[in-house]
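Asker: Take a look and give me a structure for this.
(2 chains)
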Amino acid sequence: MEESNVQYKELLILNNRLLMLENLVIEYKNDVKALKICSNLVKKEAKAVKNSKIPVADGDLNSVQGRYADFVAVISGLIKAKKVEALNKAVADLIDVKAMTEEEIKALEEKLNPAPAAEEKPKLAETIGNAAQKLAKKIEAGAQKLGTSLSEAVNEQVDEIKKAFAGDEK
Amino acid sequence: MSASSGGIFTAYALSANKLEYIEQLYENVDISKKAELFYKVFAKGLLADYIDAVSGDNDNLEIPTCFTVCYIPLYSVRYYWINGSYSRIWERYLKAAVNYPLLKFLPSFINGRFAIDGGAADNIPLYPLLKQSRPLPADEELDLIFVLHFDARYDYRKDFKTDIPIVDLDLSICNGFSKAHYDYSKNTISQRIEMSYKYGEKIASRLFSADHTKEEYQQIANEIFVEEHTLRQQNFSLDRLVSFLNVAGRTFRNDTRCVKKLF
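Answerer: Here you go, the predicted structure:
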């Protein structure tokens, strides 16, 4: 039982991180430069998830990896979209991917702690939403959150984003 | 709403609830000399900069807005509807739509086609409002249309037949048909905005002081037109020349595929 809880917590962390990245991409969906930076970040994050030795069942980890792969494809579609139809489709796909992650988080929360989870849900959703907004408005805040990432690679990438965005603002 | 050329800035701002911001932008142009204005528009891309300034990621267009783009060499006009959350795709089209011929160093291209200001083919784009492809729910009808322009001789009745009441207003009346079209000095712009507010209030008080039927609206619109007709006939505006060009735009217009959605 204890081992399952650890697994669920690890999966929850992974999914919350993915959700944060999805919110970030939604925030910057009209900014190609920012999307390219986000794409690099997500690829590094996906790689870090793949190489991690988290005590999670292979099937669950594959599911997260699969959603990361979908997410990378969606960002690529967003970047490449030149026509309004293509852009609308990419945005719809992005919303679908986000919905899947949210569902996964909801299921994990219920498995972890069924009764309190129901009370915590709005709080958690609010926290994630706020965190993503802060991340989007001021990437430093996001960088701190992402600083707890799985690997050094992500930290480096966050620094790159900070520099790139600071460059854009100038 | 439907707009062409410079009118797009105001239409977009109205739809995105940024009217105060666009007023500030207009006042900050602060150029009173033709040569300086031409230099800023041609060499410095002033209009494209203003598209960047007025549009942004967080915009939400509450009013469906249409603008025109003219494609060369076929001289075909396209009407593009935008609505809802901002999409980066709009930027390219909006910049092309204010790309006055010979007034921008670099031309605009959309999907490989040379595109210029839609005002060259339809400067007073009433067409998309009267065409049934406008993005409104099927049961919603337009109650009243305001046509705001600077062509003293314009009369929509020559081109359109409709039972929707149309208030045809030549805004040159606001500034007494002043010829200072290129005077964008701060004082002049402030005065023009103030006068247009007063004129708008006067027109609105006549139209909206009480509930009216369609026929009554049309009657008031006709009265306004007749009252201003003599003054309009005595004056000539440069936009008349553009309206002559628009005959070609109407001729080459492909009714089956000239209206597009960008949302």
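Asker: What residues does the residue of the stretch 1-150 of chain B found nearest chain A make contact with?
Answerer: Here the stretch 1-150 of chain B gets closest to chain A at one residue, B:Arg88, 3.9 Å apart by Cβ to the nearest Cβ. (C-beta placed from N, C-alpha, C; glycine too.) B:Arg88 is in contact with A:29-32, A:87, counting by Cβ atoms under 8 Å, 6 or more residues apart in numbering or on different chains.
Asker: repeat that for 6 Å
Answerer: Counting by Cβ atoms under 6 Å, 6 or more residues apart in numbering or on different chains, B:Arg88 makes contact with A:Asn30.
Asker: which residues of the stretch 51-200 of chain B fall in strands?
Answerer: B:60-72, B:76-85, B:108-110, B:113-117, B:145-149, B:166-170 (DSSP state E, counting those that start in this stretch).
Asker: The residue of the stretch 1-150 of chain B closest to chain A and B:Ile82, how far apart?
Answerer: Applying Cβ to Cβ, to the nearest Å, the value for B:Arg88 to B:Ile82 is 12 Å.
Asker: Serialize the strands of the stretch 51-200 of chain B to TSV and add fields for mean neighbour count.
Answerer: As requested, the strands of the stretch 51-200 of chain B are exported to TSV (neighbours: other Cβ atoms under 10 Å in any protein chain shown):
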stretch	mean neighbour count
strand B:60-72	21
strand B:76-85	21
strand B:108-110	16
strand B:113-117	20
strand B:145-149	18
strand B:166-170	21
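Asker: Nearest to A:Ala92, out of those strands?
Answerer: Of all these, strand B:76-85 sits nearest to A:Ala92, with 12.7 Å by Cβ to Cβ.
Asker: where in the chain is pLDDT low?
Answerer: The chain I'm using is chain A. Along chain A, the model assigns pLDDT under 70 to residues A:1-3, A:115-170.
Asker: other chain: chain B
Answerer: B:101-105.
Asker: Contact residues of it facing chain A?
Answerer: Listed as neighbours of chain A in chain B under the rule Cβ under 6 Å from any Cβ of the partner chain: B:57, B:88-89, B:262.
Asker: Return the subset of the residues you listed lying in helices.
Answerer: B:Ile89 (DSSP state H).
Asker: Could you tell me which of the residues of chain B next to chain A count as buried?
Answerer: Buried subset of the residues of chain B next to chain A (neighbour count, 16 or more other Cβ atoms under 10 Å in any protein chain shown): B:88-89, B:262.
Asker: can you give me the helices for the chain?
Answerer: You didn't pick a chain, so chain A it is. So, for chain A - with DSSP H - the helices run A:2-27, A:32-51, A:58-80, A:84-112, A:114-137, A:139-146, A:152-169.
Asker: Chain B was what I was after
Answerer: B:7-15, B:19-29, B:34-42, B:46-54, B:89-97, B:127-130, B:186-208, B:214-234, B:239-252.
Asker: re the thing from before, got the strands of the stretch 51-200 of chain B as a markdown table, with distance to B:Gln218 columns?
Answerer: Formatted as a markdown table, the strands of the stretch 51-200 of chain B follow (distance: least, Cβ to Cβ, whole Å):
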| stretch | distance to B:Gln218 |
| --- | --- |
| strand B:60-72 | 23 |
| strand B:76-85 | 25 |
| strand B:108-110 | 38 |
| strand B:113-117 | 32 |
| strand B:145-149 | 11 |
| strand B:166-170 | 8 |
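Asker: how far out from the middle of the chain is stretch B:203-221?
Answerer: Its chain's C-alpha centre and that of stretch B:203-221 lie 23 Å apart, by Cα atoms, centre = their mean, to the nearest Å.
Asker: just stretch B:195-208 next, same as before
Answerer: Computed by Cα atoms, centre = their mean, the chain-centroid distance of stretch B:195-208 equals 19 Å.
Asker: OK, contacts around B:Gln219?
Answerer: B:Gln219 neighbours (Cβ under 6 Å, 6+ apart): none.
Asker: And it, how close does it get to chain A?
Answerer: Relative to chain A, B:Gln219 is positioned 41 Å away (Cβ to the nearest Cβ, to the nearest Å).
Asker: what sits against the residue nearest to B:Asn99 when sequence neighbours are not counted?
Answerer: Counting by Cβ to Cβ, 6 or more residues apart in numbering or on different chains, B:Asn99 lies nearest to B:Ser108, which is 4.5 Å off, once chain neighbours are set aside. By Cβ under 6 Å, 6+ apart, the contact set of B:Ser108 is B:95-96, B:99, B:115.
Asker: now do 8 Å
Answerer: B:92, B:95-96, B:99, B:114-116.
Asker: and which of the residues you listed is nearest to B:Gln234?
Answerer: B:Ile116 (32.2 Å).
Asker: just checking, the closest one touches B:Ala96?
Answerer: Yes. Contact criterion Cβ atoms under 8 Å: B:Ile116 and B:Ala96 qualify, at 7.1 Å.
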